[in-house]
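Asker: Take this sequence and fold it.
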Amino acid sequence: MSPDAPVLRLSKRDWLGIEAVKQFRDGEATTRWRRLLAWALAKGDIPTCVVLSLYTDPFITTACLRRGAFQGMTRRDWRIFFASWFIANGWWALACFGGVKLLSSLWKLVHG
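Answerer: Numbers count the residues shown, from 1 in each chain. Sure, this is the predicted structure:
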């Protein structure tokens, strides 16, 4: 290992899950989410961005879809980040809205 290797590699841990995503790409998919992620990785950047945005946060999505070593954020990276942010927040907004509506309906059912 070279002396200028990143600290993340020295710790031998996959802090961001990027190596796990690479494993999904290689076919180590055992759960439904992992099979969906493996399918998206095989289909290209757009399906991968959507699935990763639903599965994890925009930072990890952007890190997984980056090309090459860190040289600053390119226009493509920023587009991926903001698309992932929009998808993830839309998903959580719908999930929270659905949860509140469900609880509200149950409350009305129980308490009239």
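
Asker: so how far is the longest helix seen in the chain off the chain centroid?
Answerer: Longest helix of the chain, by residue count under DSSP state H: helix 75-111. For helix 75-111, the separation from the chain centroid amounts to 15 Å (computed by Cα atoms, centre = their mean, to the nearest Å).

Asker: name the helices or strands packed onto that helix?
Answerer: Counting contacts by 3 or more Cβ pairs under 8 Å, 6 or more residues apart in numbering; DSSP states H and E, helix 75-111 packs against helix 45-55, helix 58-65. The C-beta positions use only the backbone N, C-alpha and C, and glycine is treated the same way.

Asker: between it and helix 58-65, how many degrees?
Answerer: 140 degrees (axes from the mean of the first three to the mean of the last three Cα atoms, to 10 degrees).

Asker: Give the buried residues for helix 75-111.
Answerer: 80-81, 83-85, 87-88 (16 or more other Cβ atoms under 10 Å).

Asker: can you give me the angle it makes with helix 45-55?
Answerer: Using the same axes, to 10 degrees, helix 75-111 lies at 40 degrees relative to helix 45-55.

Asker: All further residue positions should be reported with the first residue as 6.
Answerer: Renumbered: residue one is now 6, and that last one reads helix 80-116.

Asker: What average pLDDT does helix 80-116 get?
Answerer: The predicted model gives helix 80-116 an average pLDDT of 95.
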